[in-house]
Each structure stands twice: as structure tokens, then as C-alpha cells.
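> quick one: sequence and predicted model below, then my questions.
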Amino acid sequence: MKRRHLISITDLTPEEVGVVIQRAMAMKQDGHGKPLAGKSVAMLFEKPSLRTKVSFDVGIQQLGGHALYLGREEVGLGGREPVADVVRVLSRYVDAVVARVFSHQVLEELAKHGTVPVINALSDAEHPCQVLADLLTVREHKGRLEGVTIAFIGDGNNVSASLALGAVSVGANFVIASPKGYELPQSLIAEAWRIASATESSIRQVRRPQEAAAGADVVYTDVWASMGDEAELAARRKAFQGYQVNPDLMRLANPDAIFLHDLPAHGGEEISVGMLEHPQSVVFDQAENRLHAQKAALEFLLG
């Protein structure tokens, strides 16, 4: 079988995204076998993590595999040892590499020089595993993905980039409201439109959060400053004033809309205090679904 990577959500065809989500639903409801029996997966983490680390570790073990966690201090990608050398060695030991990195270029080097599948557990460009869990959550709570409108309020960051591409691939409409200077790149918008033209969906960039939220089925936000952007926090707090998801903004969405956040959340910034407990919040279902979506992705790539 040809080696496959999951570095971008677009490494899966629109049909394959649907297959992975359906399989994740089945695994969650009916259990699973041991498709990773006898297989080992290296988890290379340059960044700290709660959901990503635990969900991958537990998921690999539930599928019968062995998870090996390697932190920044143990490997030092590109510092203590060149990325190419690290992955060429790991490829002799393990069956896949899950990597959570600062630079997307590191993932591309891992894929180029390794001989096993590489899975993006977060980079500065994309977060495809998060988005598989997001789409699984929408499918569970809305009963469908086609025709659903997902509104993202905030930064044109790695999460919103993958979400834009993933949403249109399954026939959902995507709209993002970002302050000036923090929009999604035009190259990504063009790629999303290319996918949307085949799935009869749409993507829009707007300035006002109220315009994005109006009539939405899903309202989603993320922190104003992601890991690695802490030096910009003061400037970002100023730029993102007015881009808070709160009960008033949710009232502009459809009455049965759901609220998503990939966590961790900062109450009083991108969300109002208590928003995670809002009646329309399904944030902790979303967090749980990281486990099920990633198990389905692992099975797809390795099983």
C-alpha cells in the first residue's frame, strides 16, 4: 500500500474525509478492533499538550498499538540532530510518526526523509486532526455536514485554515470574521474555493463577527494568541476587541446552533466568562471527539 501522510486536511480527498468521520462515529458507538496490533507510533512533541497528547496516546493503545512519547528536551528537532536524521532513524523503529511542531516546514521534512506515515498533530499552518474532531462533532449534533454553515470568529490561524478546507470538502459552508491583518491567506481561500466548487459549498471572509454569526449553524472561536504568538499578545488583544463569542453573539445564530472551541480557552478574551457552560456549548463533546477522530485516522493510514 502506498505510504500516506496527514500533514494537511487536503491530504485526504473530500470522500476520504467523509469516510474517516463515518468510521469515527462507528468506533465511538460500536467499539473497534486492534488494527494497530504489533505497531508502534512515535509521538514527537515540540509544544506542550493536553488533548492531543492524551488522545493520541490512549487512542493508539486502544487500537492495540504502542505509543512512544518524545518531548522537545529528548529529541531537539533540528537542534541536537537534523530533522532528516531523526526521522530516518525513527523510520527503522516505528510504523508512524505523530508530530506537534512549531514550524510546518519540519513536518514537510519529516515526510520527505522518512519512510513511514507522518501525522500533523499541530503546526503553525494547519491542525487537521482537530478539524476531523470538529466535523465529527458537527455531524453528531446537526445530523449532517452538507449545507451546514460554520462561522469562525477570530484569527486566520492554523485551526481556521484547516477548518475552512475541511468544511468545504464535506459540503459545509464556511464564513470567517477576522480583524484586518489577521485574515486567512488568499492562497488558502483560493484552494478552499477550488474544493468548494466541486462540493457545492462556499467560503466567505467578512470583517464583522455579527455578519458571520447571523444564521450560522455552528459558531467557533479560538484564542487570540496561539502558542508561539505570545510576544504579540498586547497587540492582538487590541486588534481582537469586539471579536468575543458571548451569549449576545450566539443569539444571532440559528436557535439550534452549537458553539465550538478547540481549547484551551481564555474567559474574558475570545469568549465571555461561562461560555463553555452555555446551553449551546458542545465544547467537551468536541474535546472527547479528538480521541475517536484520531483513532479513525490512524486506522485509515496504518490499518
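Sure, I can see it.
> quick one, strands of this protein?
For the chain, the strands defined by DSSP state E cover 40-45, 66-71, 96-100, 118-120, 149-153, 173-177, 203-206, 218-221, 258-261.
> roughly how far is the first one from the heart of the chain?
Here strand 40-45 is found 18 Å from its chain centre; the criterion is Cα atoms, centre = their mean, to the nearest Å.
> in it, what counts as buried?
Of the residues in strand 40-45, those with enough neighbours to count as buried (16 or more other Cβ atoms under 10 Å) are 40-45. From N, CA and C alone the C-beta is placed, and that goes for glycine too.
> a markdown table for the residues you listed, including pLDDT and distance to N254?
What follows is the buried residues of strand 40-45, written out as a markdown table (pLDDT from 0 to 100; distance: Cβ to Cβ, whole Å):
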| residue | pLDDT | distance to N254 |
| --- | --- | --- |
| S40 | 98 | 45 |
| V41 | 98 | 40 |
| A42 | 98 | 43 |
| M43 | 98 | 39 |
| L44 | 97 | 41 |
| F45 | 97 | 38 |
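> can you put those in TSV and add distance to Q130?
TSV is the format used below for the buried residues of strand 40-45 (distance: Cβ to Cβ, whole Å):
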residue	distance to Q130
S40	24
V41	18
A42	20
M43	16
L44	17
F45	15
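> out of those, who's nearest F152?
Set against F152, the nearest of these by Cβ to Cβ is F45 (25.7 Å).
> quick one: the closest one from G274, how far?
To G274, F45 is 31 Å away according to Cβ to Cβ, to the nearest Å.
> isn't G274 right next to G267, touching?
Yes. The criterion here is Cβ atoms under 8 Å, and G274 meets it with G267 at 7.1 Å.
> A239 and K53: what is the separation?
From A239 to K53 the distance is 31 Å (Cβ to Cβ).
> for E211, same thing?
Separation of E211 from K53 (Cβ to Cβ) stands at 37 Å.
> so which of those two has more stuff around it?
Between E211 and K53, counted using other Cβ atoms under 10 Å, K53 has the larger neighbour count: 19 against 14.
> alright, that wraps it up for me.
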